[in-house]
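> give me a 3D structure for the following:
(one chain, ligands or ions: 2)
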Amino acid sequence: MSAPAQPLVLSVRDLQTEYRSGRGTVQAVRGVDLTLQRGEILGLVGESGSGKSVTCMSIIKLLKRGGHITSGVAEFNGRDLLQLSERQLEKVRGEKIAVVFQDPMSALNPTMTVGKQIVEVLLQHRKMNKKAARARAVELFELVRIPSALSRIDSYPHEFSGGMRQRVMIAIALACDPDILIADEPTTALDVTIQRQILALLKELRDRLGMAIILVTHDLGVIAETADRVMVLYGGQVMEEAAVADLFDAPQHPYTRGLLAAIPDPREAGRPLSPVRGSPPDMRTPPLGCPFVPRCPQAMRICQTPVPLYTADDNPALRAGQRARCWRADVAAPAFNSEATS
Ligand SMILES: Nc1ncnc2c1ncn2[C@@H]1O[C@H](COP(=O)(O)OP(=O)(O)OP(=O)(O)O)[C@@H](O)[C@H]1O
Ligand SMILES: [Mg+2]
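Ligands and ions are numbered 1, 2, ... in the order given. Model (predicted):
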């Protein structure tokens, strides 16, 4: 049963991003469409190099050297983020769209107490005096369930465990009540128990604060446990998108099926994604058609040509809101016969 639709906070259309270097141009993101509703947790999943991080970083234009957005729109509250000046973007990044990365240590300043780091964010973005900012910092620590918040606020980053450091990062990210939290592999470096606690915290914060979350992971167990909707990326494109239950019940794309088959129990968090046999394409020369063809047990000749994104309007086998970029999802496609070679 799906929840009633909420207003869209983000609408990304035809996003294309490349990385240019002396060794060629990597077409990292190739026409990604993405929507995010208020209060929704959208999972982005796919193997390493599929374009998850570049998609997220493009939305807030935080690309590393050599990264260029060559096309697309990223509408946030009616404004195209991709058209904003650097100054306007800094405001959006500080106040409206916050990011939490895999390794909190690299994002925290080791020479400053964590409390001071939160207070600095509040002083910079909110018109608060120091006393009020400190009180708010304690409140944020309580919100992310750091025990003994009042005393822990004066500790340095290295005095926290990995899980607690990630809570500190989340507290900093929440300082200005963002509308969107982008969490890029926020639990990958943590052990399974701590990972579960952080994922539970993200869900609780979504429920309490109503923010939307983009959760990047290569772990389908994390998706099953945490996300409402999921997009499967491969070769810089959306291979499939669906409500989480529909993706597990009725996967359409052979790549999705391969990912699911690689985990014995998809509801079990913490298992790394075992890769489907074969390796991803060289994104300097991506294929015209489906990038999964060389690894696909169901490939047909037509799969070498550009593939439309099929929806339930095209094929009743797809669920409402499900999209699949696969010629096999065409109602006219021959039924798959594993004995036959097409
Ligand atoms: N700074 C960079 N310079 C050059 N190429 C890059 C850079 N960052 C990413 N890429 C390339 O862009 C493509 C997409 O990378 P991206 O980081 O989005 O993958 P990902 O899905 O986040 O993978 P992972 O699970 O490993 O984090 C890859 O081919 C990658 O090699
Ligand atoms: Mg990444």
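> contacts, neighbours, all on C-alpha from now
OK.
> buried ones in stretch 157-167, by neighbour count?
157, 160, 162, 163, 164, 165, 166, 167 (16 or more other Cα atoms under 10 Å).
> what residues does the closest residue in space to residue 200 that isn't next to it in sequence make contact with?
Excluding its sequence neighbours, the residue lying closest to residue 200 (Cα to Cα, 6 or more residues apart in numbering) is residue 226, at 7.6 Å. By Cα atoms under 8 Å, 6 or more residues apart in numbering, the residues touching residue 226 are 41, 199, 200, 203.
> so which strand or helix has the second one?
For residue 199, the host element (DSSP states H and E) is helix 192-209.
> let me see the contact set for residue 232.
Counting by Cα under 8 Å, 6+ apart, residue 232 has contacts 44, 45, 46, 238, 239, 240, 241, 256.
> next to ligand 1, which bits of the protein? Give me the list.
Counting by Cα under 6 Å from any ligand atom, the positions of the chain adjacent to ligand 1 are 19, 28, 47-54, 64, 218, 283.
> ends of stretch 135-150, what's the gap?
By Cα to Cα, to the nearest Å, the extent of stretch 135-150 from end to end equals 9 Å.
> and that stretch, how far from the chain's centre?
26 Å (Cα atoms, centre = their mean, to the nearest Å).
> in three-state terms, label residue 69 for me.
What DSSP: H, G, I helix; E, B strand; the rest coil gives for residue 69 is strand.
> burial measure for it, as a count.
Residue 69 is flanked by 20 other residues according to other Cα atoms under 10 Å.
> now swap in the one 5 residues further on and tell me
Summarising burial for residue 74: neighbours were counted as other Cα under 10 Å, giving 23.
> for it, give its distance to residue 35.
9 Å.
> what's the answer for residue 141, then?
The value you get for residue 141 to residue 35, if Cα to Cα is used, is 30 Å.
> those two: which is more packed in?
residue 141 (23 against 13).
> which element is that one on?
Element membership of residue 141, judged by DSSP H and E, is helix 130-143.
> contacts for that helix?
115, 118-119, 122-123, 149-150, 153, 167-168, 171-172, 174-175.
> tell me which residues in it are buried?
133, 134, 136, 137, 138, 139, 140, 141, 143.
> and stretch 320-337, by the same measure?
For stretch 320-337, by 16+ other Cα under 10 Å, it's 322, 323, 324, 325, 326, 327, 328, 329, 330.
> dump the residue contacts of the closest residue to ligand 1 within the stretch 201-342 of the chain.
Nearest to ligand 1, among the residues of the stretch 201-342 of the chain, is residue 283, at 5.5 Å (Cα to the nearest ligand atom). Contact analysis of residue 283 by Cα under 8 Å, 6+ apart lists 26, 27, 28, 235.
> pick the one among these closest to residue 184.
residue 28 (16.4 Å; Cα to Cα).
> residues touching residue 97, list them.
By Cα under 8 Å, 6+ apart, the neighbours of residue 97 are 60, 178, 179, 180, 181, 182.
> same list, those residues, but as CSV with distance to residue 91, secondary structure and neighbour count please.
What follows is the contacts of residue 97, written out as CSV (distance: Cα to Cα, whole Å; DSSP: H, G, I helix; E, B strand; the rest coil; neighbours: other Cα atoms under 10 Å):
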residue, distance to residue 91, secondary structure, neighbour count
60, 11, coil, 20
178, 11, coil, 21
179, 13, coil, 22
180, 14, strand, 29
181, 15, strand, 23
182, 16, strand, 23
